[in-house]
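Colleague: Quick one: sequence and predicted model below, then my questions.
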Amino acid sequence: MRGGVAPVLTAEDLAALDQLVDTGSPHGILHRSDLCVRTERTVWAARRT
């Protein structure tokens with residue numbers, strides 16, 4: 001994902017992104033208490049009549 005957004009981000013934004021995804025960084029997303037990840041999946045089912 002980083003490679004896809006890198007051309008449109010500033011160097012400062014890239015540095016912030018790198019710090020967030022670094023699992024060893026105390027500021028990484030794994031160590032943040034103010035972050036909640038939610039996902040949703042929609043499934044459609046149909047049958048012919």
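Modeller: Now that the structure is in, tell me what you want to look at. Residues are numbered from 1 along each chain as shown.
Colleague: Just list the residues touching residue 19, thanks.
Modeller: 25, 27, 28 (CB atoms under 8 Å, 6 or more residues apart in numbering). In short, each C-beta sits where N, CA and C put it, glycine included.
Colleague: the helices in the protein, which residues?
Modeller: 2-5, 11-21 (DSSP state H).
Colleague: closest to residue 48 out of those helices?
Modeller: With CB to CB as the measure, helix 2-5 is the member of these nearest residue 48 (39.2 Å).
Colleague: Run through the neighbouring helices and strands of that closest one.
Modeller: Applying 3 or more CB pairs under 8 Å, 6 or more residues apart in numbering; DSSP states H and E, we find helix 2-5 packed against helix 11-21.
Colleague: buried sites along the helix it packs on?
Modeller: Within helix 11-21, no residue counts as buried by 16 or more other CB atoms under 10 Å.
Colleague: out of the helices of the chain, nearest to residue 43?
Modeller: helix 2-5 (27.1 Å).
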